[in-house]
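>>> fold the following for me, if possible:
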Amino acid sequence: MHRKIIAALAFVAVALSCLFCMPGCESPTTTPYPHLADGSSSPVLSGIINPDSEVRGVWIASTWNIDYPSRTDLPADELKTELDRILDACSDLGLNTVFFQVRPACDALYESDMFPVSKALSTTGELLFDPLGYLVYQGHLRNIFVHAWVNPLRITLQKTAFEDLPDGPAKSHPEWCVDYADKLYFDCGLPEVRQLVADGVREIVEKYDVDGVVFDDYFYPYPAYDGSGRMYEFHDENAYEKYGEGHSLEDWRRENVNMMVRLCYDTVHETDPECVFGISPFGVWQNDDGENGGSRTKNFEAYKSLFCDATAWIDGGYIDYICPQIYWATDSKTSPYEVVLDWWNTRLDGSNIRLYVAHASYMYEEGEWDSPEGELTEQIEMSRLRKYYRGSISYGFEELRDNVRSAGNEIKLVYSSPVIYSDIVSNGCEPELLSHSDGQTVDTGTILLGGMSDPYYALTLNGARVGRMKDGSFRTEFKLEEGENVLTFIQNGKEYVWVITYAPGEK
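As a prediction, the model looks like this:
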């Protein structure tokens, strides 16, 4: 796979004209898709797409035929036409990346030797057309990246008798399956299941020239409740008895997910070093309880309920990007957008992982936001200032395509000019506290600290990460104890100390 090497030889002017597939650029004429199984390969990207260019993406969901295909019984020519229209819309909106759901539930919208053909694509179980292959081929012709979106552990979307499952790994291995709230899931506690997920990822990356593989927020299932309000039990006790090794059930489940993520990261990079691997978790890791380092939110917690520990993936370095689903408005009472954004940007400090943000463009249609107009613009512009931000992915393709409440116009405008995020380099700046002076006395117990630092090196304050902007500036709340407080910033191995005294009632 030499797409980047070959593309790098292309003439720079061509790249600049095609870089983001901006409105007004002509789309290439649709050509027959040469089947990868016949030994041919995807075209290289026809221009230079700088790896530091802003990701301007959209999720294309196949679950329940949300975005693609529109029906389960379409012939091949209509399946192809619908993908052409999706790519046309992406080009018109100024998007440069498609995150395409290729495995919604232990099935495939591509040629697979492991998984049955998706029910979203075919009612007969026959693969009449290869959507992923066509999308990669045509997307690259238009300078649009394609990431394969995989749901790793979900087997069914609705109640399904086991004998009615199509032939595939779930039907062949009932011992790998757990029935939870009338839906089937793979048991992540089994090494065989984690290997199955990794092998499925390998098959995609080997067969298709995808630019990335991404998991979404479905790991252990979202809690479900019976008619009396009792939460269903996830029956993985046999696996826990065999592999728990003295860990609590919760920690064991989280480590199962961690092992699966690590295995898939390694598999992607072993198969194609140019392909990237990322995850789009639920937006809130944990709510801050004063000790756990969570965000100042009041919401569902992925760490406790889905056994999804994104901080472990960050600290372990076994994802290339993280794309939290920050599906709340800037004025949310429980999870304000900026609060959640800053938590993720801060948590990434000191890592090499890129931050993409998933935005809720679907809210423009559903009406849960009182006044959605301008929300996408504000969120993206706000995010661009943060150190680790490298792009956005909208969930709600239809709302963008149909310009619901001007959502599409917002995206076109905010993406009207190219944005390149060059590697952050050291500027030699030592940490400087601009909001307060050394030895100052204040009469409030919580202060907002603001200052500057070298953007390249990680920064801590009394051992806690400090989130920063791309220029190294920062602002962070700090709780004072009554009396003298020592504030110790550490950057690049050096300490910088300020002393602030909290004296209630004094000014």
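
>>> mind giving me the domain split of the chain?
Using automatic domain parsing, the domains assigned to the chain come out as 3-279, 285-305+326-423, 432-502.

>>> closest one to residue 320 among those domains?
Within these, the stretch nearest residue 320 is domain 3-279; the backing value is 4.0 Å (Cβ to Cβ). (Each C-beta comes from the backbone N, C-alpha and C, glycine too.)

>>> which stretches of the stretch 51-200 of the chain form helices?
Secondary structure of the stretch 51-200 of the chain (DSSP state H, counting those that start in this stretch): helices at 76-93, 131-141, 169-172, 191-207.

>>> just so I know, which of those helices lies nearest residue 303?
Of all the helices of the stretch 51-200 of the chain, helix 191-207 comes closest under Cβ to Cβ, at 19.6 Å.

>>> where does the protein have low pLDDT?
1-49, 506-507 (pLDDT under 70).

>>> and with 90 instead?
1-53, 73, 123, 160-163, 290, 366-371, 422-423, 505-507 (pLDDT under 90).

>>> could you pick out the longest helix of it?
In terms of residue count, the longest helix belonging to the chain (DSSP state H) is helix 249-271.

>>> not counting sequence-adjacent ones, nearest residue to residue 349?
In space, and not counting its chain neighbours, residue 349 is closest to residue 465: 4.5 Å by Cβ to Cβ, 6 or more residues apart in numbering.

>>> what residues are bridge-paired with that neighbour?
residue 460 (DSSP bridges).

>>> how many neighbouring residues does it have?
Using other Cβ atoms under 10 Å, residue 465 has 18 neighbouring residues.

>>> thought it was touching residue 489?
No: look at residue 465 against residue 489 with Cβ atoms under 8 Å: they stay out of range, at 11.4 Å.

>>> give me the common contacts of those two.
residue 459 (Cβ atoms under 8 Å, 6 or more residues apart in numbering).

>>> before we move on, the earlier item: quick one, which of the helices of the stretch 51-200 of the chain is packed in tightest?
helix 131-141 (a mean of 24; mean count of other Cβ atoms under 10 Å).

>>> elements contacting that helix?
helix 76-93, strand 97-103, strand 145-150 (3 or more Cβ pairs under 8 Å, 6 or more residues apart in numbering; DSSP states H and E).

>>> mind running it again at 6 Å?
helix 76-93, strand 145-150 (3 or more Cβ pairs under 6 Å, 6 or more residues apart in numbering; DSSP states H and E).

>>> nearest to residue 270, of those?
Checking the helices and strands packed on helix 131-141 against residue 270 by Cβ to Cβ gives strand 145-150 as the closest, at 16.4 Å.

>>> distance from the closest one to the middle of the chain?
Relative to the centre of its chain, strand 145-150 is centred 11 Å away, using Cα atoms, centre = their mean, to the nearest Å.

>>> okay if I get the helices and strands packed on helix 131-141 as TSV plus distance to residue 439?
Compiled in TSV, the helices and strands packed on helix 131-141 are given as follows (distance: least, Cβ to Cβ, whole Å):
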stretch	distance to residue 439
helix 76-93	54
strand 145-150	52
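
>>> for those, which one sits closest to residue 399?
helix 76-93 (11.1 Å).

>>> which elements pack onto the closest one?
Helix 76-93 packs on helix 131-141, going by 3+ Cβ pairs under 6 Å, 6+ apart.

>>> check what contacts stretch 488-495 and list those residues.
431, 453, 457, 459, 460, 461, 462, 496, 497 (Cβ atoms under 6 Å, 6 or more residues apart in numbering).

>>> just how off-centre is it within its chain?
Between the centre of stretch 488-495 and the centre of its host chain there is 31 Å, according to Cα atoms, centre = their mean.

>>> from start to finish, how long is it in a straight line?
This stretch, stretch 488-495, spans 6 Å end to end (Cα to Cα, to the nearest Å).

>>> buried stuff in it?
489, 490, 491 (16 or more other Cβ atoms under 10 Å).

>>> so who does residue 211 touch?
Contacts of residue 211 (Cβ under 6 Å, 6+ apart): 145, 146, 147.

>>> switch the cut-off to 7 Å
145, 146, 147, 275 (Cβ atoms under 7 Å, 6 or more residues apart in numbering).

>>> what's the answer for residue 486, then?
By Cβ under 7 Å, 6+ apart, the contact list for residue 486 reads 497, 499.

>>> strand partners of the host helix or strand of it, parallel vs antiparallel please.
Element membership for residue 486, per DSSP states H and E: strand 483-491. If you go by DSSP bridges, strand 483-491 pairs up with strand 459-461 (antiparallel), strand 494-502 (antiparallel).

>>> please report how far the residue nearest to residue 127 when sequence neighbours are not counted lies from residue 490.
Excluding its sequence neighbours, the residue lying closest to residue 127 (Cβ to Cβ, 6+ apart) is residue 117, at 4.9 Å. Here residue 117 is placed at a distance of 55 Å from residue 490 (Cβ to Cβ, to the nearest Å).

>>> tell me, how many residues neighbour residue 469?
17.

>>> just read off the phi/psi values of the closest residue to it other than its chain neighbours.
Counting by Cβ to Cβ, 6+ apart, the nearest residue to residue 469 once its immediate chain neighbours are dropped is residue 385, at 4.9 Å. The phi and psi values for residue 385, taken as degrees, to the nearest 10, are phi -80, psi -20.

>>> ditto for the one 5 residues further on
Residue 390 has phi and psi values of phi -130, psi 0 when expressed as degrees, to the nearest 10.

>>> the nearest residue to it once chain neighbours are set aside: what's it in contact with?
Excluding the flanking residues, the one nearest residue 390 by Cβ to Cβ, 6+ apart is residue 354, at 4.3 Å. Going by Cβ under 7 Å, 6+ apart, residue 354 touches 320, 321, 388, 390.

>>> dump the residues you listed into TSV; add distance to residue 212, neighbour count and secondary structure as well.
Converted to TSV, these look like this (distance: Cβ to Cβ, whole Å; neighbours: other Cβ atoms under 10 Å; DSSP: H, G, I helix; E, B strand; the rest coil):
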residue	distance to residue 212	neighbour count	secondary structure
320	8	19	coil
321	8	20	strand
388	17	24	coil
390	13	21	strand
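
>>> need the max-distance pair from these.
Distances among the contacts of residue 354 were taken as Cβ to Cβ; the most separated pair is 320 and 388, at 12.4 Å.
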